[in-house]
Each structure stands twice: as C-alpha cells, then as structure tokens.
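Chemist: give me coordinates for this.
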Amino acid sequence: MLKCSTCQAIERECANCRDTFIGKDLKCWQCRKTERGCWGCGETFVGATNYCGTCRDSDRNCTECGVAFTGKRSRCSRCQNEDRECDGCGREFRSTGNRQCSACRAKDRACPECNRIFHSNRSICPGCEATDRVCVDCRSPFWGRDRRCGPCKWQRIPAEIRTNRSRAYQQARRARLLGTPSADRVTEADYAAIRAGGQCVYCGRLTTDGDVDHIHPLTLDGRHETANLVLACIRCNRSKNNSLLTRWRPDRVEHACRISEKVRATYERQLAQAAADT
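Modeler: Residues are numbered from 1 along each chain as shown. Next up, the predicted model:
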C-alpha cells in the first residue's frame, strides 16, 4: 500500500444512503453498522468495528498534556479539539475531525428502534440509546448513555467553567421567564470574557467572586445581551439591584461611565427617556 489510511480517505458518496462522507470505504460509518459479536468480550453490539466500545476503551494518559482519561486514542478530547471552519455554514467551531458543525450535520431521521422522528446526527434517538448503567466514578446506577452520571460529569469540569456555565444558564432562564427580548445569545464564553477583567465597573474594586450585572435591569425591560452586561462586585450588585442608573448612586454611575462605553450609552438613553417622560 503506497498511502496511509489517512491519505486514502477522500470525500465520497455512500453506496447505500448516498450521503457524502470522508473515508476509504464504499459505505459510510452509519451504513456499515450491523449487529455483531465483540471479539474481546463476546457481547453482542451494534457497530462498525470488531470490538465494542468498552473493550476499545482503556485507562491511559494523554501524550500531550499528561491528563489521565479513558478512551482509545493517544490524546484526550480536549487536546484533540481544534478551531476549524464549517464547510456548510462557515461558522467557526471546535472539533476533533468533523468538517461540519453539529448543526449542519444534523438532519431529520427516523429512529430504527422506535420509529420516532428526531433531529440529530446520530442514527438512534437519545431515548433508545439510554440504558441502565453504572457510573465509572461513583459506581451508582443511573439511566443514560454516558460512562458517568450527571453529578460526576459536572464535577470533572473546572470550577471556573462551572461557575460561568451555571450563571449563564440561570440568567438566560430568568430572561426567558420575564419574556425579555434579546438581540444575541449570551454564551458561557461571553460570561468568561466579562468576568476575566476582575474589576467592578461601578467602584473599580478588584473582585474574584463578582457577578455579571444587567446595566438596564431585566425587570424593567432590559435586554439579555452582551451589550447590557458588565462585571459588578457583590456590594455594587446588591446595592443596585433592579434600579436604573439614573436612580442609583451618582458617584458609582459616574465612575462606570468613565471606564465603560456600554454603561455610558445606557445612562444617556435612560436620561433621554426620563426627559421625554417629563
């Protein structure tokens, strides 16, 4: 053979389903999946390899960062991920080898187990993939499709990422309950960027446990978007509560207007609205 398996892989059309895929076989991976017996443990499974996922996975250390993980590759998933551009929509995303983002790869399909129509890039719906299993960390039984239960997966995420993700979810849920319109979707990466400054916008105090504050409160028709979010220490956040800038402490508002364009623009709009109401 003159070429390695990576160089043999090209973009081609599956002989069975006619979907375009990248590989060296005549059929895509989904069409090559059949019910077979594992060469390692002898258990019956549905797949395209000779060994089931449990036998192919093993405890090992990442060759790049040295972190212990369970898998069948030499590097952990975090080191394999890289920024790339989606061939479908052109949006940047992180992946190990996909050329299209998950949104472009997903399509409406019928589950072969329950015949339910679902939108995904998997061949079986999430309900049929879930089974009774034991968590590899805490050994507690749970119902799902992962190796670890929900609490154990959550604890494996770094504390800072957990904080940003939790607060982003809570603020987005609060905005939905209040019916607040938004021009963009605020992600946990946006929260991390805002909190990375480490300085309260209202008083200038360095803070490590500050929260992301809505300049124009959600309860007063403020938008849940990045242009309306700044970092505030606990004291300023609690003191401001759901007050407008025009009705809060002038010294804190003046300091925020000097260092933040977002606060200055919001303050000017509130002043104009107050003048128009009178």
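
Chemist: and the helices in the protein, which stretches?
Modeler: Assigned by DSSP state H, the helices in the chain fall at 5-8, 29-32, 53-56, 77-80, 102-105, 126-129, 150-155, 159-178, 188-195, 234-240, 250-259, 261-277.

Chemist: compare those and say which comes out lowest on pLDDT.
Modeler: Of all these, the minimum mean pLDDT falls on helix 5-8 (a mean of 72).

Chemist: how about the helices of the chain, which one is nearest residue 63?
Modeler: Nearest to residue 63, of all the helices of the chain, is helix 77-80, at 8.4 Å by Cβ to Cβ. All C-beta atoms are positioned from the backbone trio N, CA, C, and that covers glycine.

Chemist: C-alpha coordinates for the closest one, CSV please?
Modeler: Below are the C-alpha coordinates for helix 77-80, written out as CSV (Å, rounded to 0.1, in the frame of the first residue of the first chain):
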residue,chain,number,x,y,z
SER,A,77,-10.6,15.0,23.7
ARG,A,78,-9.5,18.5,24.9
CYS,A,79,-6.1,18.3,23.2
GLN,A,80,-7.7,16.8,20.0
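
Chemist: can you give the contact residues for stretch 251-269?
Modeler: Residues outside stretch 251-269 that contact it (Cβ atoms under 8 Å, 6 or more residues apart in numbering) are 201-204, 215-216, 227-230, 236, 239-240, 245-246.

Chemist: take the helices of the chain and write them to JSON lines, including mean neighbour count and distance to residue 62.
Modeler: Formatted as JSON lines, those follow (neighbours: other Cβ atoms under 10 Å; distance: least, Cβ to Cβ, whole Å):
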{"stretch": "helix 5-8", "mean neighbour count": "10", "distance to residue 62": "20"}
{"stretch": "helix 29-32", "mean neighbour count": "16", "distance to residue 62": "25"}
{"stretch": "helix 53-56", "mean neighbour count": "14", "distance to residue 62": "17"}
{"stretch": "helix 77-80", "mean neighbour count": "14", "distance to residue 62": "6"}
{"stretch": "helix 102-105", "mean neighbour count": "14", "distance to residue 62": "24"}
{"stretch": "helix 126-129", "mean neighbour count": "14", "distance to residue 62": "27"}
{"stretch": "helix 150-155", "mean neighbour count": "13", "distance to residue 62": "18"}
{"stretch": "helix 159-178", "mean neighbour count": "14", "distance to residue 62": "18"}
{"stretch": "helix 188-195", "mean neighbour count": "17", "distance to residue 62": "23"}
{"stretch": "helix 234-240", "mean neighbour count": "17", "distance to residue 62": "38"}
{"stretch": "helix 250-259", "mean neighbour count": "16", "distance to residue 62": "41"}
{"stretch": "helix 261-277", "mean neighbour count": "14", "distance to residue 62": "40"}
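
Chemist: still on that earlier bit, farthest pair in the contacts of stretch 251-269?
Modeler: So for the contacts of stretch 251-269, where distance means Cβ to Cβ, the most widely separated pair is 227 and 239, at 22.5 Å.

Chemist: how much space between residue 212 and residue 160?
Modeler: In this structure, residue 212 and residue 160 are 14 Å apart, going by Cβ to Cβ, to the nearest Å.

Chemist: if we can go back for a sec, select, out of the helices of the chain, the one closest to residue 135.
Modeler: Comparison of the helices of the chain against residue 135 by Cβ to Cβ identifies helix 150-155 as nearest, at 5.6 Å.

Chemist: show me this protein divided up by domain.
Modeler: Domain ranges of the chain: 19-55, 159-277, per automatic domain parsing.

Chemist: rebuild those as CSV, extending it with distance to residue 79.
Modeler: Converted to CSV, those look like this (distance: least, Cβ to Cβ, whole Å):
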stretch, distance to residue 79
domain 19-55, 20
domain 159-277, 16
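
Chemist: cool, thanks, signing off.
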